[in-house]
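# Next one to model:
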Amino acid sequence: MKQRNVTLEASPTDKRHCAVVKTSLNNHHADHWKLRGGPGGLHVFNRTTGMNILCDEIPVPAVLWSCAPRQVSIALTNRCDLACAHCFAPKSRDELCYDAVTRWLVELDTNGTLGVGFGGGEPTLYPRFSELCRYAALETKLSVTFTTHGHYIDQAMADRLRGSVHFIRVSMDGIGDTYESIRQRSFPDLQARLKLIRGISGFGINIVVNERTMPELDKAAAVAADSGATELLLLPQVAVRSVRAVTDATVQALRRWVDEYSGPLKLCINESHADGFPTCDPLVEERGLRAYAHIDAAGVIKPTSYHATGVPIGAGRVLDALDQLANNVAEKDA
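Predicted coordinates:
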């Protein structure tokens, strides 16, 4: 799944002169910074603060462009104890091998990926989840994020994850009775978990937008802000199994809501539904597999988590599978 910031103001990727880069590097630990070359210029990223600096006046020769996608999501497991009707994750028990994932992380890091997002299923059910996050944080320069329903994060897990995760996304579809009817979990319990999550790292709230959750967006945004979230990711519902896609009327209502929103949260939306929204995209020359790829719990690399097919990585390199995927996509589009 790819996403873009929904805002009428400046992009989170600041276009600044190189003097800013030098000053920033002098004021922060060097190992928090990472450089990525691409068609848009030199991209400087700080995983601790989330700062992005695009030096677009520096042309980067194509031979020096980073080979790996800017962001990669990895579904560690398809296991989940919930049964949300709108969930698109395969209903299988596929789960990735820890050693394979760590090998992929090093390869992606070496070849220019800036961040990895762990998901599932429910990633906190992955047997060595905390260990994996710690490995990624200590052995690579990748920004480490994950998406969770939050109900397995207790004080012990929060203590293990602190210092190894840079951002967390918490799924919260509606509030109160709506949330409980969809997720079959206590909403007050989720709010208590958010207090623990806030002590781990910065976090945002994900909301699947459909006819049931759209009327509660104002209240949901207020709950998110009051809980300490900094971001609201809007995910218009996609068709899956017996659940239909979000209606055009609801999408239109969402556009009006975005236009009128004046709260403190940064609004984001997945790229597949970004048309018609006031989005910022400073890296317009870095799209498709240069920007994003997804690895599912069976070890198959895909353009997004919504795609049904892709290329198995197997015992080979991620970049080899990525090249094959790019060829497949090009042939399909030809």
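# secondary structure class for the nearest residue to H43 once chain neighbours are set aside?
Counting by C-beta to C-beta, 6 or more residues apart in numbering, H43 lies nearest to R36, which is 4.2 Å off, once chain neighbours are set aside. All C-beta spots, glycine's among them, are computed from the backbone N, C-alpha and C. Three-state call for R36 (DSSP: H, G, I helix; E, B strand; the rest coil): strand.
# and R36, what does it touch?
42-45, 66, 70, 112, 114 (C-beta atoms under 8 Å, 6 or more residues apart in numbering).
# So which of these belong to strands?
Taking DSSP state E as the definition of strands, the contacts of R36 contribute 42-45.
# Give the closest residue to W257 in space, chain neighbours not counted.
Nearest non-adjacent residue to W257, counting by C-beta to C-beta, 6+ apart: L217, 5.6 Å away.
# One more: R162?
I200 is the one closest to R162 (C-beta to C-beta, 6+ apart), at 5.2 Å.
# burial measure for the closest residue to G41 other than its chain neighbours, as a count.
Leaving aside its sequence neighbours, G41 sits nearest to D56 (C-beta to C-beta, 6+ apart; 3.9 Å). D56: 15 surrounding residues under other C-beta atoms under 10 Å.
# got it, and G288?
Residues near G288, counting by other C-beta under 10 Å: 14.
# pLDDT score for it?
At G288, the model reports a pLDDT of 92.
# thought L64 was touching G37?
Yes - contact criterion C-beta atoms under 8 Å: L64 and G37 qualify, at 4.8 Å.
# Look at S73 and tell me its secondary structure.
When the rule is three-state DSSP, S73 gets the label strand.
# Let me see the contact set for it.
1, 116-119, 292-295, 305.
# repeat that with 10 Å
Residues counted as contacts of S73 (C-beta atoms under 10 Å, 6 or more residues apart in numbering) are 1-2, 115-119, 145-147, 292-296, 302, 304-305.
# Quick check: bridge partners of the closest residue to it other than its chain neighbours?
Spatial nearest neighbour of S73, chain neighbours left out: G117 (4.3 Å); criterion: C-beta to C-beta, 6+ apart. Counting by DSSP bridges, G117 forms beta bridges with S73, T145.
# Can we start the residue count at 9 from this point?
Will do, 9 is the new start, and the previous item becomes G125.
# how close does G125 get to L225?
Distance of G125 to L225, computed by C-beta to C-beta, to the nearest Å: 23 Å.
# what's the answer for N335, then?
Going from N335 to L225 by C-beta to C-beta gives 41 Å.
# Next: L202.
18 Å.
# cool, G236 as well?
Separation of G236 from L225 (C-beta to C-beta) stands at 19 Å.
# okay, the two: which has more neighbours?
Neighbours per residue, other C-beta under 10 Å: of G236 and L225, the larger number sits with L225, 20 against 13.
# you'd agree that one is in a helix?
Yes - when three-state DSSP is applied, L225 is found to be in a helix.
# so what's it scoring on pLDDT?
L225 is assigned 97 on the pLDDT scale.
# residue ranges with poor pLDDT in this protein?
9-39 (pLDDT under 70).
# Just give me the residue closest to the centre of it.
Nearest residue to the geometric centre of the chain (C-alpha atoms, centre = their mean): G125, 5.3 Å.
# Surely that residue touches L116?
No - using C-beta atoms under 10 Å, G125 is not in contact with L116; the gap is 11.7 Å.
# Now the common contact residues for these two.
Common neighbours of G125 and L116 (criterion: C-beta under 10 Å, 6+ apart): 79-80, 82, 150.
# Among the ones in strands among the contacts of R44, find me the one that's closest to Y106.
F53 (26.1 Å; C-beta to C-beta).
# Any idea what that closest one is bridged to?
With DSSP bridges as the rule, F53 is bridged to K42, N60.
# got the contact list for it?
Residues near F53 by C-beta under 10 Å, 6+ apart: 21, 40-44, 59-62, 78, 122-123, 149, 151.
# If we use 7 Å, what do you get?
Neighbour list for F53: 41-42, 44, 60, 122 [criterion: C-beta atoms under 7 Å, 6 or more residues apart in numbering].
# Kindly report the same for H94.
Applying C-beta under 7 Å, 6+ apart, the residues contacting H94 are 216, 245, 248, 251.
# Please, which helix or strand holds A166?
Assessed by DSSP states H and E, A166 sits inside helix 163-169.
# contacting residues for the closest residue to D185 other than its chain neighbours?
Spatial nearest neighbour of D185, chain neighbours left out: F195 (7.9 Å); criterion: C-beta to C-beta, 6+ apart. F195 is in contact with 183-184, 187-188, counting by C-beta under 7 Å, 6+ apart.
# Fine by me, we can end here.
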